[in-house]
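> take a look and give me a structure for this.
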Amino acid sequence: MPGPEVADRQLAEFIEFARHLGKVAGDVILPHFRAALDVTNKKTDSGQFDPVTIADRDAEQAIRNEISRRYPGHGIHGEEHGLKPGSERFTWVIDPIDGTRAFMLGLLHWGTLIALNDGERPIVGVMHQPYTGETFFGSRLGAEFEHGATRRPLRVRRCVRIEDAMVSATDPAMFRKGPEREAFGEIARTARLTRYGGDCYAYCMLASGLIDLVIESQNQAYDLQALMPIVEAAGGVMTTWAGGSPQDGGQSVAAGDPALHKIALEILGSGVPRL
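Have a look, this model is predicted:
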């Protein structure tokens with residue numbers, strides 16, 4: 001049975017704490033950005049390259065320490081240090097550096113992702129980019145952008161045709177050969193513009209009304225949960241390619257316009273794995 005809805009006052013407290021966590025991570029990460037880094041490949045056995053750095057590991061540990069002090073009964077699920085179950089229904093889902101490849105290269109398309117899941121769904125989402133000082137956050141109370149003294153609401157834009165859409169995906173290689181790649185390719189060929197390499201930043205640009213579709217595959221829960229409340233509170237839609245909740249990872253599609261999302265699902269449905 002779902003737990004009771006979190007009161008607005010407590011939700012606001014969680015949002016502020018999540019924003020604080022992003023800045024805690026930033027203090028750890030920034031000294032390593034555009035500096036010499038030792039990079040470890042987490043997938044040496046598969047022949048793939050899945051990099052991790054000391055900045056990823058130390059930032060996540062700093063976040064975990066803060067959560068354990070403030071909310072000792074809450075669970076924590078992070079990319080680098082795994083799942084620590086809690087005694088309460090809440091779990092913090094964190095990716096200390098989403099976009100580690102961009103981070104390694106000194107590019108700016110990376111950020112710290114912080115989500116709070118109430119046992120049913122993510123109810124708070126924060127993306128903080130420490131180098132630029134930008135923060136994007138969302139909940140049922142709304143979606144906002146913050147940079148220094150500037151703070152403004154986030155809002156998606158209207159776009160009802162694939163032919164007019166600005167599309168983003170992190171990497172075309174994330175789509176498996178066969179129906180999945182063919183389905184994405186149909187949208188990429190039809191769209192007005194398709195750009196790669198956005199990572200978490202692309203979802204925030206969608207929430208800002210600058211991108212219309214973000215399509216990805218092979219995600220993990222910590223890649224998506226923080227972005228869901230931001231996109232949804234800005235008026236967008238975010239699902240799996242089959243139309244379900246993307247909170248467990250896998251294939252995902254985010255759209256600023258529900259009408260465009262419906263069209264995208266009709267195309268992407270051919271790329272959903274058949275059981």
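
> the closest residue to R70 other than its chain neighbours is in what secondary structure piece?
Computed as C-beta to C-beta, 6 or more residues apart in numbering, the closest residue to R70 that is not its neighbour in sequence is F17, at 6.3 Å. No exception for glycine: its C-beta is placed from N, CA and C like everyone else's. F17 belongs to helix 8-29 when assigned by DSSP states H and E.

> which is the next helix or strand following that helix?
strand 39-41.

> so what does that following strand touch, helix or strand wise?
Judged by 3 or more C-beta pairs under 8 Å, 6 or more residues apart in numbering; DSSP states H and E, strand 39-41 is in contact with strand 51-53.

> other residues contacting the strand it packs on?
32, 37-42, 80, 97, 100-101, 103-104 (C-beta atoms under 8 Å, 6 or more residues apart in numbering).

> only the buried subset of those, as a ChimeraX command please.
This is the ChimeraX syntax for the buried subset of these, where burial follows 16 or more other C-beta atoms under 10 Å:
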select :32,80,97,100,101,103,104
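
> give me the lowest-pLDDT entry from the contacts of strand 51-53.
Within the set of these, pLDDT is lowest for K42 (63).

> point out where the protein drops to low pLDDT.
1-2, 42-47, 49-50, 275 (pLDDT under 70).

> at 90 what do you get?
For the chain, the stretches with pLDDT under 90 are 1-4, 36-52, 273-275.

> now do the helices in it.
Using DSSP state H, the helices of the chain run over 8-29, 54-70, 100-104, 179-190, 199-207, 221-224, 227-233, 258-268.

> so which of those gets nearest R155?
Between R155 and those, the shortest gap by C-beta to C-beta is with helix 199-207, which sits at 7.8 Å.

> that older thread, would TSV of the helices of the chain with distance to V124 be doable?
Shown next, in TSV, are the helices of the chain (distance: least, C-beta to C-beta, whole Å):
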stretch	distance to V124
helix 8-29	5
helix 54-70	13
helix 100-104	23
helix 179-190	30
helix 199-207	14
helix 221-224	14
helix 227-233	6
helix 258-268	23
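
> buried sites along the helix holding F17?
11, 14-15, 17-22, 24-26, 28-29.

> for stretch 218-229, same thing?
For stretch 218-229, by 16+ other C-beta under 10 Å, it's Q218, N219, A221, Y222, D223, L224, Q225, A226, L227, M228, P229.

> and if you look at stretch 128-143?
H128, Q129, P130, E134, T135, F136, F137, G138, S139, A143.

> and what of stretch 110-126?
110-118, 122-126.
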